[in-house]
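**Q** okay, predicted coordinates and the sequence, questions at the end:
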Amino acid sequence: MFIATISPRSTGKTTIMAWLLHALHERGYPVTGFDADESEQLYRWWEARPDGSYPFEVHRLANGRFHEEAPRLLPDGHIGGVDCGHLENHAGIGWSVLRVADLAIVACAATNSDVERMEELPMDHFINQVIPKRADKKKPNTWVLLCRVQPGSTVQPKGIRKGLMADEWNVFTTMIPSIQLYASTAEGVPIKAAGSAFDELVTEMEHRGLISK
């Protein structure tokens, strides 16, 4: 299966996918990474990995033929984690990724401006446009992940989550805090996901039946 992080603009998608891949691996899921962002940040982090870190492969595949090329590179039984480029600027790549994505995670900072950016794209229309091109002719399973949440902040993220759900978005209860541990992710920086918000996210994904071994 393919899990893709998407958003209209920069919202920490690369950090989210890097940590999620590690969290899945640490929980016993075989994973393969795919960098479908022309910045190639995820690939550069993987390429600069110290020995023993990033115990999985990451492929560079930022082009409009992702839906044709990526399935051939995904080993049987693996979860393919896809870091997708900004949909506002790389629509062709985004649609290609969504043609094969089994789960689309919409990364949304817990701010009104990021929610407005989703509405301006609009995100739901962008996703729906790919339905005729998908093999199953169905919308990919889509969940919003609130990220860059300020520690100790409760009122605003809860309000944003409530508003998104009122607009019929699925929204994870797990939220990714804006802390130095995640902000310092970079080339050569090892990741240990046990006990992190991403470990919690994997648990929620399992409980919701989005992933299984």
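**A** Looks like it arrived, so ask away. Residues are numbered from 1 along each chain as shown.
**Q** just the helices in the protein please.
**A** Using DSSP state H, the helices of the chain run over 13-26, 41-47, 66-73, 91-98, 112-120, 123-128, 155-166, 180-183, 197-207.
**Q** could these go into TSV alongside mean neighbour count and mean pLDDT?
**A** The C-beta positions use only the backbone N, C-alpha and C, and glycine is treated the same way. Formatted as TSV, those follow (neighbours: other Cβ atoms under 10 Å; pLDDT from 0 to 100):
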stretch	mean neighbour count	mean pLDDT
helix 13-26	25	98
helix 41-47	20	96
helix 66-73	15	98
helix 91-98	22	97
helix 112-120	15	94
helix 123-128	16	96
helix 155-166	14	93
helix 180-183	12	95
helix 197-207	18	98
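**Q** between the ones you listed, which one is nearest to Ile105?
**A** When the helices of the chain are ranked by proximity to Ile105, the top entry is helix 13-26, at 7.3 Å, counting by Cβ to Cβ.
**Q** now do the residue nearest the centre of the chain against Lys137, distance only.
**A** With distances taken as Cα atoms, centre = their mean, Thr5 lies nearest the centre of the chain, 2.3 Å away. Distance from Thr5 to Lys137, counting by Cβ to Cβ, to the nearest Å: 24 Å.
**Q** and if you look at Asn128?
**A** 12 Å.
**Q** now swap in Glu38 and tell me
**A** To Lys137, Glu38 is 29 Å away according to Cβ to Cβ.
**Q** picking up where we left off before, which residues are common contacts for Asn128 and Lys137?
**A** Residues touching both Asn128 and Lys137 (Cβ atoms under 8 Å, 6 or more residues apart in numbering): there are none.
**Q** what's near enough to touch Cys147?
**A** Listed by Cβ under 8 Å, 6+ apart, the contact set of Cys147 reads Thr11, Gly12, Ile16, Ala107, Cys108, Ala109, Ala110, Met175, Ile176, Ser178.
**Q** let me fix that, I meant to ask about Ala193.
**A** Trp19, His22, Ala23, Glu26, Asp199.
**Q** out of these, what pair is the most spread apart?
**A** With Cβ to Cβ as the measure, no two of the contacts of Ala193 lie farther apart than Trp19 and Glu26, at 10.4 Å.
**Q** okay, Glu38 and Lys137: which has more neighbours?
**A** Glu38 (14 against 8; other Cβ atoms under 10 Å).
**Q** could you find the closest non-adjacent residue to that one?
**A** Ala62 (4.7 Å; Cβ to Cβ, 6 or more residues apart in numbering).
**Q** quick one: that neighbour and Asp35 touch, right?
**A** Yes - with contact taken as Cβ atoms under 8 Å, Ala62 and Asp35 are classed as touching, separated by 6.5 Å.
**Q** these two: who's more crowded?
**A** Asp35 (25 against 20).
**Q** quick one: contacts for the more buried one?
**A** Asp35 touches Gln41, Leu42, Tyr43, Trp46, Val58, His59, Arg60, Leu61, Ala62, Asp83, counting by Cβ under 8 Å, 6+ apart.
**Q** redo that, cut-off 7 Å
**A** Applying Cβ atoms under 7 Å, 6 or more residues apart in numbering, we find Asp35 in contact with Leu42, Tyr43, Val58, His59, Arg60, Leu61, Ala62, Asp83.
**Q** fine by me, we can end here.
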